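>>> Sequence first, then the predicted structure, then my questions.
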Amino acid sequence: MNKLLAPVVCASLAVSACATSYSVKPVAAEGQTIRYVSGQATTFAEGRNGSVQVTPLGVNEKGRLVFGVAAFNNGKESATLGVENMTATAGGAPLRIFTHAELERMAKNDATIAMVAMAVAGAASAYAATQGPTYTSTMTTPRGVYTYQATDHLAQAAVAGAAVAGTALTMKQINDNLDGTLAALQGQILQTTTIDPETSFGGQVVTDRVAIPSEGSLDALLTVSFNSDVYQFRWDVSKAQ
């Protein structure tokens with residue numbers, strides 16, 4: 001496995017030997033659909049002016065919840081998506097959502113590379129779409145030199161997942177669009193982005209630490225305000241038995 005991708009997988013999934021195993025089960029509200037994408041439960045919600053899809057990626061090594069969030073703009077005007085459009089709670093108490101800059105700063109202060117590696121890998125994938133068939137990025141850290149290489153199949157996935165032509169979009173087209181967006185942007189921390197009509201964008205969202213009980217489950221709620229619609233996504237988080 002690529003030296004950069006190894007810590008990314010560990011930090012993103014955090015449901016294997018990388019850390020304590022957790023279970024994050026979606027609880028669908030009325031009108032929401034739970035689908036499985038590459039084995040991961042994904043909650044899809046449709047609004048008046050677009051759609052939002054959220055995939056829980058587990059609890060990372062710092063005890064923070066990690067989600068993949070993608071939004072599709074089905075309105076007539078451009079709309080903005082960023083962590084400032086989101087709020088989270090755990091057990092009913094407010095839960096902070098970190099910005100890209102905050103996560104990068106914390107990673108440097110903690111002398112760890114997990115969060116920075118995710119951001120660099122995602123940025124390299126996006127940048128590769130504007131470059132030739134292969135783009136290579138190298139990052140030097142206190143723990144060694146890590147290299148990330150993006151090839152044209154990632155660039156093609158980013159382009160394919162970025163937009164769907166036509167005005168009469170089916171639910172399957174929207175679902176495929178959001179799936180492609182998260183797949184192409186895997187590992188990229190969400191940054192504030194303007195989404196044009198009939199296109200989508202997304203990234204990873206990371207919350208503050210959560211105290212998960214040894215027995216029972218913790219109720220987690222993510223609220224996303226996008227394009228004049230409000231979406232609420234709920235999960236039961238517990239330590240795997």
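The structure has been received and is ready for your questions.
>>> Residue 206: neighbouring residues, count only.
Applying other C-beta atoms under 10 Å, we find 25 residues neighbouring residue 206. (Glycine included, C-beta is placed from N, CA and C.)
>>> I'd assumed residue 98 was in contact with it.
Yes. Counting by C-beta atoms under 8 Å, residue 98 is a contact partner of residue 206 at 5.2 Å.
>>> Just give me the residues shared between the contact sets of these two.
residue 64 (C-beta atoms under 8 Å, 6 or more residues apart in numbering).
>>> buried stuff in the one helix or strand residue 237 maps to?
Here residue 237, judged by DSSP states H and E, is contained in strand 229-239. Within strand 229-239, the residues that count as buried by 16 or more other C-beta atoms under 10 Å are 229, 231, 233-235, 237-239.
>>> Reformat these as a markdown table; add distance to residue 102.
Conversion of these to a markdown table gives the following (distance: C-beta to C-beta, whole Å):
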| residue | distance to residue 102 |
| --- | --- |
| 229 | 27 |
| 231 | 23 |
| 233 | 22 |
| 234 | 25 |
| 235 | 23 |
| 237 | 22 |
| 238 | 27 |
| 239 | 27 |
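>>> Going through those, which one is the model least confident about?
Within the buried residues of strand 229-239, pLDDT reaches its minimum at residue 239, with 87.
>>> hang on, residue 84 in a helix?
Yes. Counting by DSSP: H, G, I helix; E, B strand; the rest coil, residue 84 is located in a helix.
>>> just checking, it touches residue 191?
No. Using C-beta under 8 Å, residue 84 makes no contact with residue 191, being 10.7 Å away.
>>> between the two, which one's more packed in?
residue 191 (16 against 11).
>>> Which residue ranges of this protein form helices?
5-13, 100-109, 114-128, 152-162, 171-184 (DSSP state H).
>>> Go through the second one and flag the buried ones.
The reference is to helix 100-109. 100, 103-104, 107.
>>> can I get these in JSON lines with pLDDT and distance to residue 55?
Listed next are the buried residues of helix 100-109 as JSON lines, based on pLDDT from 0 to 100; distance: C-beta to C-beta, whole Å:
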{"residue": "100", "pLDDT": "87", "distance to residue 55": "19"}
{"residue": "103", "pLDDT": "83", "distance to residue 55": "18"}
{"residue": "104", "pLDDT": "80", "distance to residue 55": "22"}
{"residue": "107", "pLDDT": "72", "distance to residue 55": "22"}
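>>> which two from those end up farthest apart in space?
100 and 107 (10.8 Å; C-beta to C-beta).
>>> which one among the buried residues of strand 229-239 gets closest to residue 25?
residue 235 (6.1 Å).
>>> excluding its backbone neighbours, what's nearest the closest one?
residue 220 (4.7 Å; C-beta to C-beta, 6 or more residues apart in numbering).
>>> Just to check, the one you found is in contact with residue 92?
No. In this structure residue 220 lies outside contact range of residue 92 using C-beta under 8 Å: 10.2 Å.
>>> So for these two, which residue has more residues nearby?
The neighbour count for residue 220 versus residue 92, taken as other C-beta under 10 Å, is higher for residue 220 (24 against 9).
>>> Tell me the spacing between the more buried one and residue 204.
16 Å (C-beta to C-beta, to the nearest Å).
>>> Same question for residue 218.
20 Å.
>>> thinking again about what came up before, the strand holding residue 237 pairs with which strands?
strand 22-27 (antiparallel), strand 218-226 (antiparallel) (DSSP bridges).
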